[in-house]
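Chemist: how would this look folded up:
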Amino acid sequence: MNNPKHGPRRPVAYKNEDFLDSTDARSLRILSEYLHPLSHFREEKIQDTIVFFGSARLNEEGPLGRYYAEARQLARMITEWSDALPVSSRRFVICTGGGPGIMEAANRGAYDAGGKTIGLNIGLPFEQWPNPFITPELSFEFHYFFMRKFWFAYLAKALVVFPGGYGTLDELMEILTLAQTKKLEKKIVIVLYGTSFWKEILNFDALVRYGTIAAEDLELFQMVDDPTAAFELLREGLTKYYLEPEAPLAEPVAGMPDIAKSRI
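Modeler: Residues are numbered from 1 along each chain as shown. Next up, the predicted model:
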């Protein structure tokens, strides 16, 4: 309440919505899209993730419906395995972009297994509404694409990429670039699901032939065509690099998500 003997009292800056929505406060909004998920990941004991990418336009009954069913099955298998690990934190939690299509299928598979599952939604004028299978405490809405990408990349220990369009290709190439350049200290297991689709859409062999990537860059990912094969690749890679590594790994800070370290 204002005192008539004094001028009106303005709200403190962090409660001033006009200021928080202004250009001057952009850096605060960006920081909040780092700190808000971090606090929830810490509270839910999320250590790391398995990220599923794929088309938002693909549906269960459509011509590519098999991929929906198989993404759901694979996510369920991973969640059943990871939830049975003898650890206090939640390892290898299924994480998606939070929307429909393959994202929904993966969240749904984790939900089927009774596990926690993450949705990193982005505000768009079409397509993108959170699907109903995301754990409520782990459903996030982002304004900035690059902050959403940060959380995809920096908690992920593996990536499963189903058929998709521009967004899927964008995310795939970003993770491949991080792996190729060894910018991150960690290993990321990358699985492209649907060999015929990926070989038609992306001619990796031509990139080698033209000299724009090295032949060994083709070893950064593997292609599979069924959930069991994908699961075995993921379990083998995650066990080798993170559960039973040849060289001891640095212990994550207790109670904190295992955010990837940069080499530089």
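Chemist: element containing the residue nearest the centre of the chain?
Modeler: Most central residue of the chain, judged by C-alpha distance to the mean C-alpha position with C-alpha atoms, centre = their mean, is F152 at 3.4 Å. For F152, the enclosing helix or strand under DSSP states H and E is helix 145-155.
Chemist: after that helix, which helix or strand is next?
Modeler: Using DSSP H and E, the helix or strand that follows helix 145-155 in sequence is strand 156-161.
Chemist: give me the distance from that following strand to the chain's centre.
Modeler: In terms of C-alpha atoms, centre = their mean, to the nearest Å, the centre of strand 156-161 is set 7 Å apart from its chain centre.
Chemist: now do the helix or strand just after that strand: distance to the chain's middle.
Modeler: Once strand 156-161 ends, the next helix or strand along the chain (criterion: DSSP H and E) is helix 166-181. For helix 166-181, the separation from the chain centroid amounts to 12 Å (computed by C-alpha atoms, centre = their mean).
Chemist: and stretch 231-238, C-alpha only, in PDB?
Modeler: Extracted C-alpha coordinates of stretch 231-238, given in PDB (Å, rounded to 0.1, in the frame of the first residue of the first chain):
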ATOM      1  CA  PHE A 231      18.700 -51.200 -27.400                       C
ATOM      2  CA  GLU A 232      21.700 -53.500 -27.500                       C
ATOM      3  CA  LEU A 233      23.800 -50.800 -29.200                       C
ATOM      4  CA  LEU A 234      22.800 -48.300 -26.600                       C
ATOM      5  CA  ARG A 235      23.300 -50.600 -23.600                       C
ATOM      6  CA  GLU A 236      26.700 -51.700 -24.900                       C
ATOM      7  CA  GLY A 237      27.900 -48.200 -25.500                       C
ATOM      8  CA  LEU A 238      26.500 -46.800 -22.200                       C
END
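Chemist: now do the lowest-mean-pLDDT helix or strand in the chain: which elements does it pack against?
Modeler: Comparing helices and strands within the chain by mean pLDDT, DSSP states H and E singles out helix 17-20 as the least confident, with a mean of 87. Judged by 3 or more C-beta pairs under 8 Å, 6 or more residues apart in numbering; DSSP states H and E, helix 17-20 is in contact with no other helix or strand. For every residue, glycine as well, the C-beta is placed using N, CA and C.
Chemist: go ahead and confirm V191 touches D225.
Modeler: No. With contact defined as C-beta atoms under 8 Å, V191 does not reach D225; the gap is 10.8 Å.
Chemist: show me the helices in the chain, by range?
Modeler: 17-20, 26-43, 65-83, 102-112, 145-155, 166-181, 195-201, 204-209, 227-238 (DSSP state H).
Chemist: make JSON lines from those and add distance to P257 to it.
Modeler: Conversion of these to JSON lines gives the following (distance: least, C-beta to C-beta, whole Å):
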{"stretch": "helix 17-20", "distance to P257": "25"}
{"stretch": "helix 26-43", "distance to P257": "4"}
{"stretch": "helix 65-83", "distance to P257": "15"}
{"stretch": "helix 102-112", "distance to P257": "17"}
{"stretch": "helix 145-155", "distance to P257": "6"}
{"stretch": "helix 166-181", "distance to P257": "18"}
{"stretch": "helix 195-201", "distance to P257": "30"}
{"stretch": "helix 204-209", "distance to P257": "32"}
{"stretch": "helix 227-238", "distance to P257": "16"}
